[in-house]
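# sequence? don't have it. structure:
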């Protein structure tokens, strides 16, 4: 079976994420990219929304996770997102890439993030 991928790129949500006082003072923009491992054969043949993963619903659920989370580490939040996405039985695996502004870091680093892969 082919390793088909459904891609959701540049999702932006607001949530609380970070260790430092400045980061935790309020919600910040958190960027999320998702790569869902799916079997796209049926949807490709039928052209029916009922035969594919509803990516709008996935995006809404991920947004809820980010908004409700009060995470300190990018790894923790990305793992929670992966767990939520994998509750859809049509998703066989997921890669989550999460980025946040790196306000507390010195130098030229604009973003800090993580990429988690869950089969």
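Right, received. Where do you want to start? The structure displayed is predicted, hence computed values, not measured ones.

# what's next to the longest helix seen in the chain, contact-wise?
Across the chain, the longest stretch assigned as helix under DSSP state H is helix 55-68. Outside helix 55-68, the residues that touch it by C-beta atoms under 8 Å, 6 or more residues apart in numbering are 6, 8, 11, 13-15, 27, 30, 32, 34, 36, 77, 80-81, 84-85, 88, 91. No exception for glycine: its C-beta is placed from N, CA and C like everyone else's.

# Distance from that helix to the middle of the chain?
8 Å (C-alpha atoms, centre = their mean, to the nearest Å).

# Show me which positions of that helix end up buried.
Neighbour counts over helix 55-68 (16 or more other C-beta atoms under 10 Å) mark 58-59, 62-63, 65-66 as buried.

# tell me what the helix or strand that it is followed by is packed against?
Downstream of helix 55-68, the next assigned helix or strand under DSSP states H and E is strand 70-71. Applying 3 or more C-beta pairs under 8 Å, 6 or more residues apart in numbering; DSSP states H and E, we find strand 70-71 packed against strand 4-17.
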